[in-house]
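Enquirer: requesting a structural model of the entry that follows:
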Amino acid sequence: MKVMRETIVSTARELFRSKGYAGASMNDLADAVGLKKSSLYVRFPNKEALVPAVLDLTLQETFGDRDRGSRQWDAEFVEVIELIATTLTDRGRCVGLHLAYGTSDETPIAKDAVRAFFQAHRDYLASILSRAMPADVARNIATDTLARLEGATAFVAIFGEKDAMKRAVRFSIEDAKSAAAATSLSRGSS
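Expert: Got it, this is the predicted structure:
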């Protein structure tokens with residue numbers, strides 16, 4: 001049976017999302033994709049080696065073919081954070097955050113992949129925001145936006161409170177627009 005790499009990676013992502021890093025096993029994955037464990041190990045030498053592929057796939061699906069900079073910054077920012085929020089709400093948890101809690105210095109490849117995953121999110125949002133405000137302000141708002149979305153994900157997962165995500169999106173948009181307006185005012189008075 002030929003199993004595509006993307007099938008393995010997307011199935012691993014769902015296992016990590018539902019069971020976490022520690023709870024997901026190569027046995028679970030082999031069973032889920034219909035491979036012998038030895039065949040799976042030919043493709044991925046261990047569970048840790050799956051983490052970069054899982055997070056790369058997630059980033060590609062989130063940001064992959066976006067036309068950066070072709071619209072007003074605020075429309076693009078709203079579109080991106082609503083996409084992230086919808087994904088987190090629909091899935092009920094963030095695979096990156098789930099993996100962040102399961103990796104450590106003993107799994108340096110996985111830990112570095114998680115760091116790169118969140119850095120890519122922050123950098124992407126900051127690149128949009130920096131079109132309307134100083135880079136340091138854009139980075140802070142990008143960080144706060146991700147923190148809000150991830151925090152809201154906990155309330156979606158635990159209590160089913162989807163309104164928490166809607167508020168996280170709304171407050172993030174309001175903060176970004178306020179910072180852009182303050183920047184515009186300060187530039188106008190200079």
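Enquirer: wait, residue 122 sits on residue 142?
Expert: Yes. Contact criterion C-beta atoms under 8 Å: residue 122 and residue 142 qualify, at 4.8 Å. Placement of C-beta: from N, CA and C, glycine included.
Enquirer: where does the protein dip in pLDDT?
Expert: By pLDDT under 70, the weakly predicted segments of the chain are 1-2, 69, 188-190.
Enquirer: which helix is the longest one in this protein?
Expert: helix 162-188 (DSSP state H).
Enquirer: give me the buried positions along that helix.
Expert: 164, 165, 168, 169, 172, 173, 175, 176, 179, 180 (16 or more other C-beta atoms under 10 Å).
Enquirer: helices or strands up against it?
Expert: The contact analysis (3 or more C-beta pairs under 8 Å, 6 or more residues apart in numbering; DSSP states H and E) places helix 162-188 against helix 73-91, helix 108-129, helix 135-159.
Enquirer: quick one: which of these is nearest residue 26?
Expert: Ranking the helices and strands packed on helix 162-188 by proximity to residue 26 (C-beta to C-beta) places helix 108-129 first, at 13.7 Å.
Enquirer: and the angle for the host helix or strand of residue 99 with helix 135-159?
Expert: Under the criterion DSSP states H and E, the helix or strand holding residue 99 is helix 95-102. Using axes from the mean of the first three to the mean of the last three C-alpha atoms, to 10 degrees, one finds that helix 95-102 and helix 135-159 are set 80 degrees apart in direction.
Enquirer: pull the CA atoms of helix 95-102 into PDB?
Expert: Output of helix 95-102 as PDB, limited to C-alpha atoms (Å, rounded to 0.1, in the frame of the first residue of the first chain):
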ATOM      1  CA  VAL A  95      -1.600  21.900  17.200                       C
ATOM      2  CA  GLY A  96       1.300  24.300  17.700                       C
ATOM      3  CA  LEU A  97       0.300  25.000  21.300                       C
ATOM      4  CA  HIS A  98      -0.400  21.400  22.000                       C
ATOM      5  CA  LEU A  99       3.100  20.600  20.700                       C
ATOM      6  CA  ALA A 100       4.700  23.500  22.600                       C
ATOM      7  CA  TYR A 101       3.600  21.900  25.900                       C
ATOM      8  CA  GLY A 102       4.900  18.500  24.900                       C
END
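Enquirer: so what does that helix touch, helix or strand wise?
Expert: Against helix 95-102 (3+ C-beta pairs under 8 Å, 6+ apart) you get helix 5-23, helix 47-63, helix 108-129.
Enquirer: show me what contacts residue 4?
Expert: The contact partners of residue 4, by C-beta atoms under 8 Å, 6 or more residues apart in numbering, come to none.
Enquirer: phi and psi next, for it.
Expert: phi -70, psi 150 (degrees, to the nearest 10).
Enquirer: more neighbours: residue 122 and residue 142, which one.
Expert: Neighbour tally, residue 122 and residue 142, criterion other C-beta atoms under 10 Å: the higher count belongs to residue 142, 24 against 17.
Enquirer: many thanks, I have nothing further to ask.
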